[in-house]
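Participant: fold the following, please.
(4 chains)
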There are 2 protein chains.
Amino acid sequence: MSKCEQCIIKQFNSLKALTREELVRISGCKTSRIIKKGEVIFEEGDSINGVFCVKDGVCKLSKLSANGKDQIVKLVVKGDLLGQRSLVGDESANLSAIALNDMEVCFIPKSEIMNDLQKNPKFTLDMLQQMAHDLKDSDNVIVDMAQKSVKNRMADVLLYVNDHFGVDQNGFLSITLAREDYANIVGTATESAIRILSQFKKEGLISTKGKQIKIEDIDGLNRIE
Amino acid sequence: MSKCEQCIIKQFNSLKALTREELVRISGCKTSRIIKKGEVIFEEGDSINGVFCVKDGVCKLSKLSANGKDQIVKLVVKGDLLGQRSLVGDESANLSAIALNDMEVCFIPKSEIMNDLQKNPKFTLDMLQQMAHDLKDSDNVIVDMAQKSVKNRMADVLLYVNDHFGVDQNGFLSITLAREDYANIVGTATESAIRILSQFKKEGLISTKGKQIKIEDIDGLNRIE
DNA sequence: TTTAAACTATGATTTTTGTCATGTTTTGAT
DNA sequence: ATCAAAACATGACAAAAATCATAGTTTAAA
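Facilitator: Below you'll find the predicted structure:
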């Protein structure tokens, strides 16, 4: 099993603010895990009692709404920490985490890392900065949800996925989401999501092959209102 | 001017985690300010360079969306800190803050408080917990925005205002929001907000007198879907 | 106290989005 | 390779919400 103090992934998250000694200790108690596409990492209401450091892959954070639909709130990617909120307060998880492709994660127990949060202000401040950034993102999503049309939000999601995950050798978005996932990010009915993607295809903004999507006209998508 | 170390308001926010010495120092450089209803405290894009501690009154945090409408993201109340995110990172404000009634606030310069954030882990951890809570709230708002009807959200807002601000001696909600404010919280057109309030009135869920609103049937509002 | 501006109210209409139904294609397990 | 289940696609219709128009009320400033 690889050692935290030598792991390059930590450069992308708050763990980089830990000292070498702290990392060695963390390394001794962490567990590594492979998660298959579609597998549930944790669910709303679970007690997580630790954080996951995502070494590879992507997962969705979602919440079941009263009407029985899942709403995807955030995509968590390689380098991110997952379940940070479990560290502060004793609440159970507010969101569910489900792998969108095969993942590799390390789990660090809360008991081990709490000590560092209380003693190492550099680490705590880094987490605070990360969370401040997440909060800003969430606030912006609220505004978009409230004020933009479904079509506009769909275009935004396509551009977001393109920016954050890039494309494969054939030019298709390298993360393949089901139409239902797109609907659950945008906050619309699956049929509406499909309909809008069909329309984008007709307009030459995207092309598709099965569930794979290729963006053909970034500027065009940006102009959607 | 009152002294931070003796101020009871700090019990409601992260400042309570500061030591007496730190509070005395903060007290020496803070400035107190009265803000009139409707006055802008700061706007999107402003460099705030400090935090406001709200001693009295309420303000709205909003963001102008592309279509020219304001979206209210959060109401900040007595006891809350305002502009916390300005402390982490050097970004300018993402939201505007406008007083909803007369307010009394203290302003603490960033330069003075950053030192504490770097040295006092208890303070930093408390801010982290606060921000984790805000993030959870925001995520829940995203889900509601995406999945609930405008009518449902309107009922939620009325119940929220009732829970958090209570009623005056005549039973009216003690915070008086314009119909437009309700629309901007819910994320709908002002006319739609008015229409729904009219409907609630017809159904006996609320009554109104001018812009004042009285909740007549809490359970009924809770049942709205 | 008057008076204009801002806010509230409501009708008519259009646009957007959701729902239901049904058929086709793709995918993955055997 | 086959086959059933899941996912995708699209039409028809219904519901929700936005927009435009217009009028009545309240509020606050002169």
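Participant: contacts and neighbour counts: CA atoms only from here.
Facilitator: Noted.
Participant: pull the distance from the helix or strand of chain A with the lowest mean pLDDT to the chain's centre.
Facilitator: Lowest on mean pLDDT, DSSP states H and E among the helices and strands of chain A sits helix A:110-119, with a mean of 90. Distance of helix A:110-119 from the chain centroid (CA atoms, centre = their mean, to the nearest Å) equals 24 Å.
Participant: repeat for stretch A:22-29
Facilitator: 25 Å.
Participant: in it, what counts as buried?
Facilitator: A:22, A:23, A:26, A:27 (16 or more other CA atoms under 10 Å in any protein chain shown).
Participant: and of those, the nearest to residue B:222?
Facilitator: Set against residue B:222, the nearest of the buried residues of stretch A:22-29 by CA to CA is residue A:26 (46.4 Å).
Participant: nearest spatial neighbour of residue A:172, chain-adjacent residues omitted?
Facilitator: residue A:214 (4.3 Å; CA to CA, 6 or more residues apart in numbering or on different chains).
Participant: touching, the one you found and residue A:206? I think so.
Facilitator: Yes. Contact criterion CA atoms under 8 Å: residue A:214 and residue A:206 qualify, at 5.5 Å.
Participant: count the neighbours of residue A:39 for me.
Facilitator: 15 (other CA atoms under 10 Å in any protein chain shown).
Participant: next, the angle helix B:110-119 makes with the top helix by length along chain A.
Facilitator: As assigned by DSSP state H, the longest helix anywhere in chain A is helix A:121-147. Counting by axes from the mean of the first three to the mean of the last three CA atoms, to 10 degrees, helix A:121-147 points 120 degrees away from the direction of helix B:110-119.
Participant: near DNA strand C, anything from whichever helix or strand comes after helix A:121-147?
Facilitator: Moving toward the C-terminus from helix A:121-147, the next helix or strand (DSSP states H and E) is helix A:150-165. Yes. Counting by CA under 7 Å from any atom of the strand, contacts between helix A:150-165 and DNA strand C involve A:150, A:151.
Participant: next, the angle from helix A:150-165 to helix A:121-147.
Facilitator: 150 degrees.
Participant: helix A:150-165 near DNA strand D anywhere?
Facilitator: No. Using CA under 7 Å from any atom of the strand, helix A:150-165 stays clear of DNA strand D, coming no nearer than 11.2 Å.
Participant: got it, and stretch A:49-63?
Facilitator: No. Against DNA strand D, stretch A:49-63 shows no contacts by CA under 7 Å from any atom of the strand, the least distance being 14.7 Å.
Participant: stretch A:155-162 and chain B, any residue contact?
Facilitator: No. Stretch A:155-162 stays clear of chain B (CA under 8 Å from any CA of the partner chain), getting no nearer than 13.2 Å.
Participant: how far does that stretch sit from the chain's center?
Facilitator: That offset, for stretch A:155-162, works out to 14 Å (CA atoms, centre = their mean).
Participant: for it, give the mean pLDDT please.
Facilitator: Per-residue pLDDT values over stretch A:155-162 give a mean of 97.
Participant: repeat that for stretch A:122-138.
Facilitator: 94.
Participant: and that stretch, what's buried?
Facilitator: So for stretch A:122-138, counting by 16+ other CA under 10 Å, buried means A:122-136, A:138.
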